[in-house]
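Asker: Sharing a model prediction with you, sequence too.
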Amino acid sequence: MDLLDFEYFCRMKLFSYIFGLLFLFSVISCGRMTQHASEVDLRMAQAHYDSGFVRLQQDSMMRAFPYFIQVAEKLEYLPEDMTNEEKLLASRAYYQMAYVFRRKMANNAEIDALRWALAYQRMVQDTTWMVRSSLELANAFSTLKESDSARYYHDFVTPYLDTVAGDLNDYFAAQLVLSDLYYDQHQFDSCFMVQRNTIAFKTRRGMSATNDSVSLGIGMYHSPYRLEAKPYLLKVLDMQTGDLERSAIMSLLEQIYEEEGNADSAAFCHSFNKTYVKAESDRVSDGMLAVKQYENYKAERDARLIDLREQKQAYKTNRLRAVSVVAALLLLAAAAFVVYHRVYRKKMTQASEAIQRDLQAAHGALEAHANEVLRMKVQAIYDDKRNNTFNRILEVFNEAYPEALTKLKAAHPDLNDTELDICVLSYFPFRTKEVADILDLRENTVSKYRTAIKRKTQADSLEVLWRRFVG
């Protein structure tokens, strides 16, 4: 390896290191900025959820509610950065918050919580819970008399009803929403027909239809079928429900009995009024407290998400700048490599051409010297004027170029012996007079032979002809 090749090798190694470092930096720069809950936070969130769910089972909603807030606090980062496990658990927490709001008649907060639950469920395609959340949303909007929104969520969930492991409760919930939609449009016959069909369906299968009967009675009470509501409302006495719900229904029965003039029954129903007032007061107080806790968390969560979004955007911007710089450096490095490679190739080409020229010059000088020595030797033979001049010249020619005459004969077999002799003498070259003297011919004859040779060989001159065979 000469000095130029060694320099090229070192430069190429340097370029390869630069390319490698730039590529590694670009890969690192293209990484994603993600933040999500740690394993410890995830376990704590699951523990909080379990604690809250146990208290819900004990009907201690206000003791359960803070646990679900804590679940969200532990899990919620940017939704696209959360794992599926985190999204599933967060959706359950929001669903249970919505349940508390529903029981406390905080419809707007219920809708907001359900929307967050449904958003997470859609991300992970949690079909069963998507159905439940959508039905609860439809029911909440129906309560607020927002029929279009209620219809949207009811229609959204309908295709899933036959694909969620045959859960009849979801089917019944969808039927309840459908009856509410009919009710809001004052299609009372259709509304009550849907509810009666549900009651009959459950009764035939030995399922409890008490809640459905009471729900039908409430709807009938606020419709033109008010007087037919009493037998359905009386089912409240068989219901396992809270004081608030029972007292509210008993107040409806009280008004019906007063209209019928049944004072004893009206008085019995009125006895629940005190409980109703206290329960209603507690419900409003609890609902306001839960909503306040939720609103505080929402404000903190939204501020955190905005901050994370800004951080992520800044990170993307910085990453884009870094990648742009790396790309520019890679382009510059590539351009430098190409330029250097071209310069190196040019130097190599120039060096090779110089060496070739030097070799050609040296070869030409040697060849010229050899030819000069040969011509001097032949000229000495001619000047000697002894016999067999041509044969001696031919020996010198064959000694210098052993195969030249053979190649000429093979290439041009139509040349005769005299023409071949003239070709040999013309190589040195002898003038026409000297050739005629050596071969004992007339000068005119030699000229004719030379013309014949050029015609047969298609050569411009005999010197050009020999270039094909002498080398």
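Answerer: Yep, that arrived. Numbering: from 1, shown residues only.
Asker: Any idea how many residues pack against residue 375?
Answerer: 15 (other C-beta atoms under 10 Å). For glycine as for every other residue, the C-beta is placed from the backbone atoms N, C-alpha and C.
Asker: ditto for residue 16
Answerer: Using other C-beta under 10 Å: residue 16 sits among 11 other residues.
Asker: Now do it against residue 348, distance only.
Answerer: Distance of residue 16 to residue 348, computed by C-beta to C-beta, to the nearest Å: 20 Å.
Asker: What are the boundaries of the helices in the stretch 151-300 of the chain?
Answerer: Secondary structure of the stretch 151-300 of the chain (DSSP state H, counting those that start in this stretch): helices at 168-184, 188-204, 210-221, 230-233, 243-260, 263-270, 273-384.
Asker: and the fourth one, which residues are buried?
Answerer: Meaning helix 230-233. 230, 232-233 (16 or more other C-beta atoms under 10 Å).
Asker: who are the neighbours of that helix, in terms of helices and strands?
Answerer: Judged by 3 or more C-beta pairs under 8 Å, 6 or more residues apart in numbering; DSSP states H and E, the packing partners of helix 230-233 are helix 210-221, helix 243-260.
Asker: One more: the fifth one?
Answerer: In terms of contact count using 3+ C-beta pairs under 8 Å, 6+ apart, helix 243-260 is assigned the packing partners helix 210-221, helix 230-233, helix 263-270, helix 273-384.
Asker: Restrict the second one to CA atoms and write it as CSV.
Answerer: By that I understand helix 230-233. C-alpha atoms of helix 230-233 as CSV (Å, rounded to 0.1, in the frame of the first residue of the first chain):
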residue,chain,number,x,y,z
LYS,A,230,-101.2,3.0,40.8
PRO,A,231,-100.7,-0.9,40.6
TYR,A,232,-97.3,-0.4,39.1
LEU,A,233,-96.2,2.2,41.6
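Asker: So which of the helices of the stretch 151-300 of the chain has the densest surroundings on average?
Answerer: Of all these, helix 210-221 has the most neighbours on average by mean count of other C-beta atoms under 10 Å, namely a mean of 21.
Asker: I would like the residues contacting that one, please.
Answerer: 172, 176, 179, 183, 188, 191-192, 195-196, 198-199, 202, 226, 228-236, 238-239, 249, 252, 256 (C-beta atoms under 8 Å, 6 or more residues apart in numbering).
Asker: Same check on stretch 80-91?
Answerer: Contacts of stretch 80-91 (C-beta under 8 Å, 6+ apart): 34-37, 42, 45-46, 49, 71-72, 75-76, 79, 116-121, 123-124, 126, 129, 133.
Asker: if you look at these, which of them are in strands?
Answerer: The subset of the contacts of stretch 80-91 located in strands under the criterion DSSP state E is empty.
Asker: Quick one: buried ones out of those?
Answerer: So, by 16+ other C-beta under 10 Å, the buried ones in the contacts of stretch 80-91 are 36-37, 42, 45-46, 49, 71-72, 75-76, 116-118, 120-121, 124, 126, 129, 133.
Asker: what separates residue 428 from residue 257, distance-wise?
Answerer: Distance from residue 428 to residue 257, by C-beta to C-beta: 151 Å.
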